[in-house]
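K.L.:
Kindly generate the corresponding structure for this input.
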Amino acid sequence: MANHFVLLLSALSVLSALANGSIFTPAINAKKVSHVSHAVMQGTNPNDVKGLAALQSQFSLLQSWTGDPCLGLITWLWIQCTSDPTTPRVTSLDLGSYGLVGSLPDFSSMDALQTIDFSYNLLNGPVPDFLGTLPNLQELNLANNDFQGKLPASILKNNNLTIVVSGNTNLCASDNSCQTTNTNNKPNSTPQTPSYSSTSNNGSSSKLPAILGASISIFLVFWVIVGIVAILHHKRKSAAVAILGAGSINGTPQGAAMNAQMTDHKGEAVANEQVMMDQQGHENENRNAC
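P.N.:
As a prediction, the model looks like this:
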């Protein structure tokens, strides 16, 4: 097989030289051909290539990276590889804030991964179970996405794994920490109300009767005070009217008219008395004349 490959390369070299107008055939020995054959066999581990292909197929934003992931001329900025010059492995996926939208595909073949960062994207759906089974994974950052449901048991029970899932409002880290429930995964479940909201409502309800009682008491006291002030004002007004009435009788035109009327009555009495005295005087004169 190696001999056939050497002959094929030799033939191609000759044809290339003839096409370029050269009359000299290139000197190719077995050592050089063997070196070329070895270089062709170099490249990123096929398991990693398979997983990266799944990610590129799911997220079109990643398809602009081409060539060999670890040894190609174009550097793939979102991965890190080992320094193996022949068959390097991908050890890190750095896809935080890449604008990825959708669910995660299956890239479980990338079993050399040590760090995975999918934070600050728009990823949704359940967290894949295989993430907890990657043998070398140490850090998993899924923060600030829209993952739903519960974290797989393979992740929760992995004591060698550090995981960050904050910012996923529909994701339950455990049975005790579930605040909301994914209705797509569990149709019969009912979203749970956060405990702080329930406590706040109960506190407001318990304080309502006390607030109403205090308001009614203040209202009644206010109107009692208003009534007392009104009564005192009325009494003072009545006393003032009485005083003004007495003063009017003695010193006002009404009082003068009454005094005049009393004077007239006295005058009439005096006049009547004078008439009676005159009559007695006439009677006495008549008697003396007789």
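
K.L.:
can you pull out the strands in this protein?
P.N.:
In the chain, the strands defined using DSSP state E lie at 79-81, 90-94, 101-102, 115-117, 122-125, 139-141, 146-147, 149-150, 162-164, 171-172.

K.L.:
which residues touch residue 168?
P.N.:
Going by Cβ atoms under 8 Å, 6 or more residues apart in numbering, residue 168 touches 142, 143, 144, 145, 146, 147, 148. Where C-beta positions appear, they are placed from N, C-alpha and C, glycine not excepted.

K.L.:
quick one: pLDDT of it?
P.N.:
pLDDT, residue 168: 97.

K.L.:
cool, and residue 61?
P.N.:
On pLDDT, residue 61 comes in at 95.

K.L.:
if we can go back for a sec, need the strands of the chain in CSV with mean pLDDT, mean neighbour count and distance to residue 228, can you?
P.N.:
Putting these into CSV (pLDDT from 0 to 100; neighbours: other Cβ atoms under 10 Å; distance: least, Cβ to Cβ, whole Å) gives the following:
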stretch, mean pLDDT, mean neighbour count, distance to residue 228
strand 79-81, 97, 19, 87
strand 90-94, 98, 19, 81
strand 101-102, 97, 14, 74
strand 115-117, 98, 20, 76
strand 122-125, 97, 16, 70
strand 139-141, 98, 18, 73
strand 146-147, 97, 20, 67
strand 149-150, 95, 19, 69
strand 162-164, 97, 15, 69
strand 171-172, 93, 22, 64
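
K.L.:
If you rank every helix and strand of this protein by mean pLDDT, what lands last?
P.N.:
The helix or strand of the chain with the lowest confidence, counting by mean pLDDT, DSSP states H and E, is helix 30-40 at a mean of 43.

K.L.:
that older thread, I'd like to know which of the strands of the chain lies nearest to residue 219.
P.N.:
strand 171-172 (49.8 Å; Cβ to Cβ).

K.L.:
Direction included, what does that closest one pair up with?
P.N.:
strand 149-150 (parallel) (DSSP bridges).

K.L.:
Quick check: the closest residue to residue 102 other than its chain neighbours vs residue 143, distance?
P.N.:
Of all residues not flanking residue 102 in the chain, residue 58 sits nearest, at 6.3 Å (Cβ to Cβ, 6 or more residues apart in numbering). Distance of residue 58 to residue 143, computed by Cβ to Cβ, to the nearest Å: 20 Å.

K.L.:
What residues does the closest residue to residue 142 other than its chain neighbours make contact with?
P.N.:
In this structure, residue 142 finds its nearest non-sequential neighbour in residue 165, 5.1 Å apart by Cβ to Cβ, 6+ apart. Residues near residue 165 by Cβ under 8 Å, 6+ apart: 127, 142, 143, 147, 151, 171, 173.

K.L.:
Name the nearest of those relative to residue 43.
P.N.:
Nearest to residue 43 among the contacts of residue 165, with distances taken as Cβ to Cβ, is residue 142, at 30.1 Å.

K.L.:
and the closest one, how many neighbours?
P.N.:
24 (other Cβ atoms under 10 Å).

K.L.:
Pull the contacting residues for it.
P.N.:
With Cβ under 8 Å, 6+ apart, residue 142 has these contacts: 118, 119, 123, 127, 163, 164, 165, 168.

K.L.:
Mind picking the two most distant members of those residues?
P.N.:
Most distant of these, by Cβ to Cβ, are 123 and 163, 14.4 Å apart.

K.L.:
Residues touching stretch 60-74, excluding its own?
P.N.:
With contact meaning Cβ under 8 Å, 6+ apart, stretch 60-74 is reached by 42-44, 48-49, 52, 55-56, 76-79, 81-82, 85, 88-90, 98-100.

K.L.:
Which of these fall within helices?
P.N.:
When DSSP state H defines the helices, the subset of those inside them is 48, 49, 52, 55, 56.

K.L.:
Out of those, grab the one that's most surrounded.
P.N.:
Most crowded among the ones in helices among the contacts of stretch 60-74, counting by other Cβ under 10 Å, is residue 48 at 25 neighbours.

K.L.:
wait, doesn't residue 57 sit right on residue 105?
P.N.:
Yes - using Cβ atoms under 8 Å, residue 57 is in contact with residue 105, at 6.9 Å.
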